[in-house]
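# let me see the structure of the following:
(2 chains)
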There are 2 protein chains.
Amino acid sequence: MTESPAPPLADRKARAARWFADLRDRICTCFETLEDELTGPNAERLAHLQPGRFERTSWRREDTSVADPGGGTMAVMRGRVFEKVGVNISVVAGRLTADFAEEIPGTDADRTFWAAGISLVAHMQSPHVPAVHMNTRHIVTGTGWFGGGADLNPVVADAQDTADFHAGLKAACDKHDPGYYPRFKQWADDYFFIKHRNEHRGVGGIFYDYLDSGDWEADFAFTRDVGEAFLATYPPLVRRHMQRTWTDAERRRQLVQRGRYTEFNLVYDRGTRFGLETGGNPDAVLMSLPPLAAWP
Amino acid sequence: MTESPAPPLADRKARAARWFADLRDRICTCFETLEDELTGPNAERLAHLQPGRFERTSWRREDTSVADPGGGTMAVMRGRVFEKVGVNISVVAGRLTADFAEEIPGTDADRTFWAAGISLVAHMQSPHVPAVHMNTRHIVTGTGWFGGGADLNPVVADAQDTADFHAGLKAACDKHDPGYYPRFKQWADDYFFIKHRNEHRGVGGIFYDYLDSGDWEADFAFTRDVGEAFLATYPPLVRRHMQRTWTDAERRRQLVQRGRYTEFNLVYDRGTRFGLETGGNPDAVLMSLPPLAAWP
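Residues are numbered from 1 along each chain as shown, chains lettered A, B, ... in the order given. Next comes the predicted model:
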């Protein structure tokens, strides 16, 4: 691949922000279609619910340190297939605290930052359909980079699902750099780990951060391909399992697994803790928490 | 009050540890009695459950830095009044990490510590019966002190319950020092606060730590009186509300309030975070989490 000169900063920001919004729209449309496809005993079991539709709520960030602190839009659907799914996008700007800036590249001379991203968490009605998380983002400080990832969270791991999910992400990675998948898979294994339980959250996926190869177009294209891979890979897993009935014991195991997911997010997840500590919108930050969780 | 000379260290430890175990026994007996008192429509509604009885599980702490690292006993009951209540006692010894020792008095020359305590969290079947937390402990390093507290967590605050709970704790405080209640109530208000929600967890109570007045007998007597006040004050609140029926909407609000409780414990609670970070038994550390919680 030949390196392209980076487009002007304003264009880079605008294109990234537009991509996250477009991806959000396509994901929402696809997930609403899945809601309409539920038939048979599960549709009867959940007959008290309508096929889900996303509801969007916009919020503005309060911050007087910059002219336009930005904000975001939460899209939340509570349906018959997706018990609760949130697809949030945000475009925010501000000034990092000195403490937090220590960990963030490009903030020595100036602690202002700009960030845009998409963040998705789906908790499913059926214990047979794996929960999932996907997030990609573009951050600009004195430098700029992409980050993100996706991981699959089944109640009971299904070898075919795990293989398909990883294959989709690997193909997206391999298109750009044969070193990406092994590195980003390992990063996910290290990151999505519930230390106090000594157990992984889910069956992994990929995680990457600070991606700045020197070729902005290539890094942006990779981040788009991660989104495309998610959209190509996850809905077939939903379709594979969504019509299968489940028992109360299976539902119970799902609620316990969601308890573990809650532990990870509140104790370890960097985005969650950063959002809570810096006065983010708690409803948007905690959108990732399950609708219902149990501790046995 | 005249100050008594402190008894020898071994006696102090033994008496404190025995008190926590005795208090545990009395609380468990009392709570099992409440289980037997459920009658009427709530007993019919929960007819699939037996009146609860505590089950005890002992665990040993793994730590080769000291001859006897100790351990504890969890007592857990899942019943018709108490959906899940844990009453844990522990007597542990070890050596603090240098990082953690920085925050702990009496560890400059020697980072070994000894700690005994009781910790109770009750999540109730009925949304009308407030959840509750109570904990007292005795810590010995190069110095020694008592700490603890109790706080009430109703779904919807009931003025009489709040007044009675605080009156019981205030009487225990006032018996020892007229300055205790205002100070320890404020400490609870500051501590049991969910910063990212800008809301208090529950209707407060008392919280105290590093209590070392110079009179060990007096400090131990105060800590015993906090336990006595809990045992005298909370069961009447349970009896006051436990026979009242509830609606699905009330149950739903209870599960959401438990979500908030979970957020506090996993994000802010010092004991929980310390336990998780130092490799405590996660089941004992997370005993405080609710059996079922919801995020709206």
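
# all contacts plus neighbour counts: C-alpha atoms, from now on.
Noted.

# residues near whichever residue of the stretch 1-150 of chain A sits closest to chain B, how many?
Residue nearest to chain B within the stretch 1-150 of chain A: A:Lys84 (9.4 Å; C-alpha to the nearest C-alpha). For A:Lys84, the tally of surrounding residues (other C-alpha atoms under 10 Å in any protein chain shown) stands at 25.

# with the one 4 residues further on instead?
As a burial measure, the neighbour count of A:Asn88 was computed by other C-alpha under 10 Å and equals 26.

# so the residue of the stretch 1-150 of chain A closest to chain B bridges to which residues?
A:His123 (DSSP bridges).

# quick one: contacts for it?
A:Val76, A:Met77, A:Arg78, A:Ala122, A:His123, A:Met124, A:Pro290, A:Pro291 (C-alpha atoms under 8 Å, 6 or more residues apart in numbering or on different chains).

# apply 6 Å and report the result again.
By C-alpha atoms under 6 Å, 6 or more residues apart in numbering or on different chains, the residues touching A:Lys84 are A:Met77, A:Arg78, A:His123.

# what number of residues lie near the closest residue to the first one other than its chain neighbours?
Nearest residue to A:Met77, sequence neighbours excluded (C-alpha to C-alpha, 6 or more residues apart in numbering or on different chains): A:Phe54, at 4.3 Å. If you count neighbours by other C-alpha under 10 Å, A:Phe54 ends up with 19.

# again with A:Tyr210
Neighbours around A:Tyr210, by other C-alpha under 10 Å: 15.

# where does chain A have its least confident helix or strand?
helix A:270-277 (a mean of 82; mean pLDDT, DSSP states H and E).

# what is the mean pLDDT for stretch A:248-257?
Stretch A:248-257 carries an average pLDDT of 97.

# return the set of buried residues in that stretch.
By 16 or more other C-alpha atoms under 10 Å in any protein chain shown, the buried positions in stretch A:248-257 come out as A:Glu250, A:Arg251, A:Arg252, A:Arg253, A:Gln254, A:Leu255, A:Val256, A:Gln257.

# which other residues reach that stretch?
A:Pro127, A:Val155, A:Ala293, A:Ala294, A:Trp295.

# what residues does chain A put near chain B?
With C-alpha under 6 Å from any C-alpha of the partner chain as the criterion, chain A meets chain B at residues A:His196, A:Leu266, A:Val267, A:Leu276, A:Pro291, A:Leu292, A:Ala293, A:Ala294, A:Trp295.

# backbone dihedrals for the second one, please?
A:Leu266 has phi and psi values of phi -80, psi -30 when expressed as degrees, to the nearest 10.

# what's near enough to touch it?
If a contact means C-alpha under 6 Å, 6+ apart, then A:Leu266 has B:Leu266, B:Val267 as its contacts.

# let's see it at 8 Å
Here A:Leu266 is in contact with A:Thr272, A:Arg273, B:Glu263, B:Leu266, B:Val267 (criterion: C-alpha under 8 Å, 6+ apart).

# will you turn those residues into TSV that also has distance to A:Ala98?
Compiled in TSV, the contacts of A:Leu266 are given as follows (distance: C-alpha to C-alpha, whole Å):
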residue	distance to A:Ala98
A:Thr272	19
A:Arg273	17
B:Glu263	26
B:Leu266	26
B:Val267	22
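
# next, count neighbours for A:His200.
19.

# repeat that for A:Cys173.
Counted with other C-alpha under 10 Å, A:Cys173 comes out at 23.

# now A:His166: closest residue in space that isn't a chain neighbour?
Going by C-alpha to C-alpha, 6+ apart, A:His166 has A:Gly205 as its nearest residue, at 6.0 Å.

# show me the beta-bridge partners of the one you found.
Bridge pairing for A:Gly205 - DSSP bridges - gives A:Asp151.

# which residues sit in contact with it?
Contact partners of A:Gly205, counting by C-alpha under 8 Å, 6+ apart, are A:Gly149, A:Ala150, A:Asp151, A:Leu152, A:Phe165, A:His166, A:Leu169, A:Lys185, A:Ala188, A:Asp189.

# narrow the contacts of A:Leu266 to those that are buried.
If we count by 16+ other C-alpha under 10 Å, the contacts of A:Leu266 have these buried: A:Thr272, A:Arg273, B:Glu263, B:Leu266, B:Val267.

# name the helix or strand for the third one, please.
What it means is B:Glu263. According to DSSP states H and E, B:Glu263 maps onto helix B:248-267.

# next, the angle from that helix to helix B:270-277.
60 degrees (axes from the mean of the first three to the mean of the last three C-alpha atoms, to 10 degrees).

# and the longest helix anywhere in chain A, average pLDDT?
Longest helix of chain A, by residue count under DSSP state H: helix A:9-36. On average, the pLDDT along helix A:9-36 is 97.

# pLDDT below threshold where in chain A?
A:1-4, A:278-280 (pLDDT under 70).

# which parts of it are helices?
So, for chain A - with DSSP H - the helices run A:9-36, A:40-45, A:98-101, A:159-174, A:180-191, A:216-241, A:248-267, A:270-277, A:282-285.

# give me the buried stretch members for stretch A:178-198, please.
Applying 16+ other C-alpha under 10 Å to stretch A:178-198 flags A:180-181, A:184-189, A:191-197 as buried.

# contacts only, for A:Thr262.
Per C-alpha under 8 Å, 6+ apart, neighbours of A:Thr262: A:Leu289, A:Pro290, A:Ala293.

# what's the neighbour count on the last one?
Other residues near A:Ala293 number 26, with proximity taken as other C-alpha under 10 Å.

# separation between it and A:Leu255?
5 Å (C-alpha to C-alpha, to the nearest Å).

# one step back: and which of the buried ones among the contacts of A:Leu266 is nearest A:Asp36?
A:Thr272 (31.9 Å; C-alpha to C-alpha).

# circling back: got the contacts of stretch A:248-257 as TSV, with distance to A:Val140 columns?
Putting those into TSV (distance: C-alpha to C-alpha, whole Å) gives the following:
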residue	distance to A:Val140
A:Pro127	39
A:Val155	37
A:Ala293	36
A:Ala294	39
A:Trp295	40
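
# mark which of the residues you listed are part of strands, please.
A:Ala293, A:Ala294 (DSSP state E).

# from the contacts of stretch A:248-257, list just the buried residues.
Neighbour counting with 16+ other C-alpha under 10 Å marks A:Pro127, A:Val155, A:Ala293, A:Ala294, A:Trp295 as buried within these.

# quick one: contacts for the last one?
Okay, so that is A:Trp295. A:Leu255, A:Val256, A:Gly259, B:Leu289, B:Pro290, B:Pro291, B:Leu292.

# and the two most separated of these?
A:Leu255 and B:Leu289 (13.3 Å).

# these two touch, right, A:Val285 and A:Leu276?
Yes - with contacts counted by C-alpha atoms under 8 Å, A:Val285 reaches A:Leu276, the gap being 7.1 Å.

# for chain B, what's the nearest residue on the stretch 51-200 of chain A?
A:His196 (5.4 Å).

# number of nearby residues for A:Tyr208?
A:Tyr208 has 21 nearby residues by other C-alpha under 10 Å.
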